[in-house]
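J.: below: sequence and its predicted model.
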Amino acid sequence: VIPGIKTRRSVEWMYFGAKYSGVYTIDSADPQFHQLAKMYYDMQTSVMGTDHVYNVDNFNEMSPPTSDPEFLANSSAAVYNGMKASDPDAIWLMQGWLFVSDFWTPETVKPYLSSVPNDKMLILDLYADASPFWAKFDSFYGKPFIWCLLHNFGGRRSLYGNLTHIANAPLNVLHQSTSMVGVGLTPEAIEQNPVVYELMTDMAWHDAPVDVGDWLDDYVTDRYAAAGKMAAVHQAWHTLERSVYRLSWPDRFLGVLHLSPRIGGVYPAVDVELKLAKQNPSRLYIPPNNPGAYNCTAVTSAWRQLVGAIPMGGASGPLSYDLVDVGRQVLVNLHADLVTMANAAYLRSVATGEDTSAEIMAVGDNLMKVIVDLDALLGTDQNYLLGAWISDAEALGVSAEDRRVLRLNALNQVTLWGPNGQINDYAEKHWNGLVGSYYAQRWSRWLGAMAFAVKYKFPVDKNAFEAGLLRFEQDWYQSTTSTFPSEPSGDPAALSKRLYERYAVAPDGAFLHYSDTTVTGYDLNAGVRLVSRDIAQLKVLCLYDPLCVGFTSDGFLKSSTANSMPMTGVDLYVRSQH
């Protein structure tokens, strides 16, 4: 303890409040800062040795107390000089993520960087794949920087990634900038979309942009090694490349499976992106999904092609993984449409007084079946097991109390992330166990509350519903008795075939087809277009709703076909019994 030393307290972060955030740091202007920094680096080197590169991130997701250029220059000089006092060859490695704040403009960035020699700082342009800062800040005013692919936040699952951009942008920037020195990976979690990371790491060895189609052919051949019917496998991957693998993070589709349900919301959640937007009002709010950009139909087509590629002896290795991963996305997309349908039935009752409980439960029963089937599919692959996550966490503990705390934190991190859901579902995972016990219970409560309300004309107390949901969520992550498989079970190929037949094949003769025809009005989902455009899947969804008499190929379920009319490019499908 050094009496009288000057400290600053950081801002409270992400609604965690003073109890869990707002840490105290030593003011870089205090005379003792330099001495303490040297002591710290000396001690670190004595324990770990040094490669002369030290990572320090001042003001990450928090703004400096003033935009005064002299203060900014002095604060960065103090950090660097502390390193240099311990190691004259020190290089400051800094994430460029702090520059996401509107505080940072050329007028504030330049003085902040200027007090460190160019050859003594290395900046990670952390989100260069989607929001690069090198161009905004003139190649960081001469500081060497690394073009980084962030790609993923929180380990949240969705098939997406812009392969064409990855194959071109790093080399284009190398020629356009004055100080780019390399490429890097900076995802918050890497256990998803392996094709994205394979291409990004490969780009380090190229001196010219690559043709994505040719590269993908080589990737698929190497990945599968004739493990399936290769023509169908190549077709599936090119289907994905032409659609979801031309998208960056803002255009991904996470679905709504992982979101804590809210009564009356088609996409019900308080998303962490919205909290970030409230903290920084000028920040772009990115909703949890962009169904307008995301091609769910292509994902279903690729799933169909992969299922068709399964060899006689079943699937293993990468083919098995991809069957689960692509099938997972298809079922998540289907779940989102069923949420839309159940929610629309509830809102119709609220507006008209009609008892739609039977419709809610019919749609809801199928919604819950999708969740059960998804949980089973995920359970066939080692990469999708909540039990493995818990086991890995507990293995780090020495005592029983260690293991209890490690388990609690492991479960909290993938659910509420905070005692009361401070950044709820930010690190959601499509994992066996999490889907089947946690997400399933939340959606079951949501469906039951809506069906009860419309059947008995008893308005839902939304505050009470959300409070009850929070209690369930807290009890779930704090439980010490629940167990989940840590080893996979079941045959992913056989199950994929069964689920494909269930969710992407409609009964023969169930619908009559009318080309270039639409229906005006009579939208079951209050004008909300379903994300599915695959005709077989739209047939399945229509059959799940007892009030659906047909649908149009552009994704609208219909309660009547009375107002049919010609429309080029849109087809009408009418249930045969109607």
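T.: Okay, I see it. Numbers count the residues shown, from 1 in each chain.
J.: may I see the buried residues of stretch 349-367?
T.: Within stretch 349-367, the residues that qualify as buried are 349-350, 356-357, 359-364, 366-367, counting by 16 or more other CB atoms under 10 Å. Any C-beta I mention is one placed from the backbone N, CA and C, and that applies to glycine too.
J.: quick check: the two most widely separated of these?
T.: Val350 and Asn366 (22.0 Å; CB to CB).
J.: so who does Pro11 touch?
T.: Rather than Pro, residue 11 is Val. 21-22, 62-63 (CB atoms under 8 Å, 6 or more residues apart in numbering).
J.: so which of those residues comes closest to Arg328?
T.: Proximity of these to Arg328 was ranked by CB to CB; the top entry is Ser21 with 34.0 Å.
J.: excluding covalently adjacent residues, which one is nearest to that closest one?
T.: Using CB to CB, 6 or more residues apart in numbering and skipping the chain neighbours, the partner closest in space to Ser21 is Trp13 (4.1 Å).
J.: my guess is that neighbour contacts Glu61, does it?
T.: Yes. Here Trp13 reaches Glu61: they are 6.5 Å apart, a contact under CB atoms under 8 Å.
J.: measure the residue nearest the centre of the chain to Arg252 for me?
T.: With distances taken as CA atoms, centre = their mean, Arg156 lies nearest the centre of the chain, 3.0 Å away. Look at Arg156 and Arg252: by CB to CB, to the nearest Å, they are 8 Å apart.
J.: what's the answer for Trp303, then?
T.: 17 Å.
J.: who has more neighbours out of the two?
T.: Neighbours were counted for Trp303 and for Arg252 using other CB atoms under 10 Å; Trp303 has more, 28 against 25.
J.: show me where the stretch 201-350 of the chain has helices.
T.: 212-224, 230-241, 272-279, 296-308, 317-352 (DSSP state H, counting those that start in this stretch).
J.: of these, which is nearest Asp42?
T.: Closest among these, using CB to CB: helix 272-279, at 37.0 Å.
J.: what about that closest one, average pLDDT?
T.: Helix 272-279 shows a mean pLDDT of 40.
J.: next one: stretch 548-556
T.: 96.
J.: CA atoms of that stretch as CSV?
T.: Taking C-alpha atoms only, stretch 548-556 is exported to CSV below (Å, rounded to 0.1, in the frame of the first residue of the first chain):
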residue,chain,number,x,y,z
CYS,A,548,-52.9,-22.5,-42.7
VAL,A,549,-54.6,-23.4,-46.0
GLY,A,550,-51.6,-22.5,-48.2
PHE,A,551,-48.6,-20.3,-48.8
THR,A,552,-46.8,-18.3,-51.3
SER,A,553,-43.2,-19.1,-52.4
ASP,A,554,-42.0,-15.7,-51.0
GLY,A,555,-42.7,-17.0,-47.5
PHE,A,556,-46.2,-15.9,-46.5
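J.: just the buried positions in that stretch, please.
T.: Judged by neighbour count (16+ other CB under 10 Å), stretch 548-556 contains these buried residues: 548-553, 555-556.
J.: out of those, who's nearest Ser248?
T.: Nearest to Ser248 among the buried residues of stretch 548-556 is Gly555, at 23.7 Å by CB to CB.
J.: contacting residues for that closest one?
T.: 529-533, 538.
J.: dump these into CSV; add secondary structure as well.
T.: CSV is the format used below for the contacts of Gly555 (DSSP: H, G, I helix; E, B strand; the rest coil):
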residue, secondary structure
Arg529, coil
Leu530, coil
Val531, coil
Ser532, coil
Arg533, coil
Leu538, helix
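J.: of those residues, closest to Tyr439?
T.: Nearest member of these to Tyr439, counting by CB to CB, is Val531, at 18.2 Å.
J.: roughly how far apart are that closest one and Leu377?
T.: The value you get for Val531 to Leu377, if CB to CB is used, is 19 Å.
J.: which one of those two has more residues nearby?
T.: A side-by-side neighbour count of Val531 and Leu377, using other CB under 10 Å, places Leu377 first with 26 against 22.
J.: then that one would be within a helix, right?
T.: Yes. Assignment of Leu377 by three-state DSSP places it within a helix.
J.: for it, what are its contacts?
T.: Applying CB under 8 Å, 6+ apart to Leu377 gives the contacts 324, 327-328, 331, 492, 495-496, 499.
J.: highest neighbour count among those residues?
T.: Neighbour max across the contacts of Leu377 (other CB under 10 Å) = Gly327, 27 neighbours.
J.: and the nearest residue to Gly142 once chain neighbours are set aside, what are its phi and psi?
T.: In space, and not counting its chain neighbours, Gly142 is closest to Asn118: 4.6 Å by CB to CB, 6+ apart. Here is the backbone geometry of Asn118 (degrees, to the nearest 10): phi -60, psi -40.
J.: tell me if I'm right that Asn118 and Lys143 touch.
T.: Yes. Look at Asn118 against Lys143 with CB under 8 Å: they come within range, at 5.6 Å.
J.: so which strand or helix has Val405?
T.: Assigned by DSSP states H and E, Val405 belongs to helix 400-413.
J.: what mean pLDDT does the helix or strand just after that helix have?
T.: As assigned by DSSP H and E, the chain's next helix or strand after helix 400-413 is helix 440-455. In this model, helix 440-455 has an average pLDDT of 96.
J.: and helix 440-455 with helix 317-352, angle?
T.: 20 degrees (axes from the mean of the first three to the mean of the last three CA atoms, to 10 degrees).
J.: and the contacts of helix 440-455?
T.: In contact with helix 440-455 (CB under 8 Å, 6+ apart) are residues 257, 260-261, 263, 268, 339, 342-343, 345-346, 349-350, 354-357, 360-361, 364, 367-368, 371-372, 375, 458-460, 465, 468-469, 472-473, 476.
J.: all set, thanks.
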